[in-house]
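Student: starting from these lines, generate the structure:
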Amino acid sequence: VQLQAFGGGLVQAGGSLRLSCAALGRTFRTNAMGWFRQAPGKEREFVAVIDWSGGNTYYADSVKGRFTISRDNAKNTLYLQMNSLKPEDTAVYYCAAAPIYSTYAAAYNYWGQGTLVTVSS
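Tutor: The predicted structure follows:
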């Protein structure tokens, strides 16, 4: 699976952005998909995961209630709707694919190139 994330940009605190991740490859529809992020000087951290069907999702506590992960298997696309953005959400966001539903980065064997989200105060 080849993944390409896009939709990042500069937004003011309290604003919204929607990230997309386009996937090439038929196995997209059988993979769990996740979003991770890495802020400057920090380790990559889990943000959200969705199972292959879209029926199950899980979020990091830091984004719960503000971010929504979704997928459209007909379009081979993953989304992350981000609302009520905070300066601490500033990071490079990565989409990733895994054969299992997991919050651990080590479970993911395909990664996109990342898209930068900057939230100004």
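Student: okay, now V49: neighbour count?
Tutor: 25 (other CB atoms under 10 Å). C-beta coordinates here come from the backbone N, C-alpha and C atoms, glycine included.
Student: kindly report the same for D61.
Tutor: D61 has 6 nearby residues by other CB under 10 Å.
Student: what helix or strand is the closest residue to F36 other than its chain neighbours on?
Tutor: The shortest distance from F36 to any non-neighbouring residue, by CB to CB, 6 or more residues apart in numbering, is to Y94 (4.8 Å). Here Y94 sits within strand 91-98, counting by DSSP states H and E.
Student: and if you look at L78?
Tutor: Secondary-structure element containing L78, defined by DSSP H and E: strand 77-82.
Student: which other helices and strands does that strand contact?
Tutor: strand 17-24, strand 32-38, strand 45-50, strand 67-72, strand 91-98 (3 or more CB pairs under 8 Å, 6 or more residues apart in numbering; DSSP states H and E).
Student: can you check the pLDDT for G114?
Tutor: Looking at G114, its pLDDT is 94.
Student: likewise for S53?
Tutor: The model's pLDDT for S53 equals 94.
Student: just to be sure, it is in a helix?
Tutor: No. Read with DSSP: H, G, I helix; E, B strand; the rest coil, S53 is coil and lies in no helix.
Student: ok, how many other residues are close to it?
Tutor: 11.
Student: now do it against T30, distance only.
Tutor: 10 Å (CB to CB, to the nearest Å).
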